[in-house]
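Student: Let me see the structure of the following:
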Amino acid sequence: MVCEKRRLDLEKYITRIMLDMGVPAHLRGYHYLREAIIISQDDMEAVSSVTKLLYPAVAKRFHTTDQKVERAIRNAIEVSWVRGNIDSFEELFGYSTDSGKGRPTNSEYIARIADKVRMEYAVFA
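Tutor: Residues are numbered from 1 along each chain as shown. Have a look, this model is predicted:
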């Protein structure tokens, strides 16, 4: 029961971050991204091997394929990059669309948010 409550609290915390970043909740990638962040904040090794560890784990959870997970996450990140909160991106990544740099890769995006969650969630929980 405690584990379920912790997971729900963690999901709520990650959801607030993702919504602040501008990830639309109606996209499939939103749910995949949240699950990828949950997995990664527990095991940062997963981020270093997204194609071999992370995408398959998310795909198994949602009964889909690794390729569909990767594409949906990439789409969700792209949408948030274009429509999201510029200040949130600058705070989290150190740059935004205004800097002229391209959007972060899937693994950069997941790793940065997972690291933020790992560092800050214990304080807020």
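
Student: Every contact and neighbour count from this point should use C-alpha atoms.
Tutor: Will do.

Student: Dihedrals phi and psi, residue 23?
Tutor: phi -80, psi 120 (degrees, to the nearest 10).

Student: Buried residues of the helix or strand where residue 7 lies, list them for me.
Tutor: Secondary-structure assignment from DSSP states H and E places residue 7 in helix 2-21. Under the neighbour-count criterion of 16 or more other C-alpha atoms under 10 Å, helix 2-21 has 10-11, 13-15, 17-18, 20-21 buried.

Student: Which single one of the residues you listed is nearest to residue 114?
Tutor: For the buried residues of helix 2-21, the residue nearest residue 114 by C-alpha to C-alpha is residue 14; the value is 8.7 Å.

Student: does the closest one really touch residue 118, like I thought?
Tutor: No: counting by C-alpha atoms under 8 Å, residue 14 does not reach residue 118; the two are 10.5 Å apart.

Student: one step back: contact partners of the helix holding residue 7?
Tutor: Residues from elsewhere that reach helix 2-21 (C-alpha atoms under 8 Å, 6 or more residues apart in numbering): 25, 34, 37-38, 80-81, 84-85, 88-89, 117, 121, 125.

Student: what does stretch 23-39 give?
Tutor: The contact list for stretch 23-39 (C-alpha under 8 Å, 6+ apart) reads 10-11, 14-15, 18-19, 46, 54-55, 58, 62, 69, 71-77, 79-80, 84, 110-111, 113-114.
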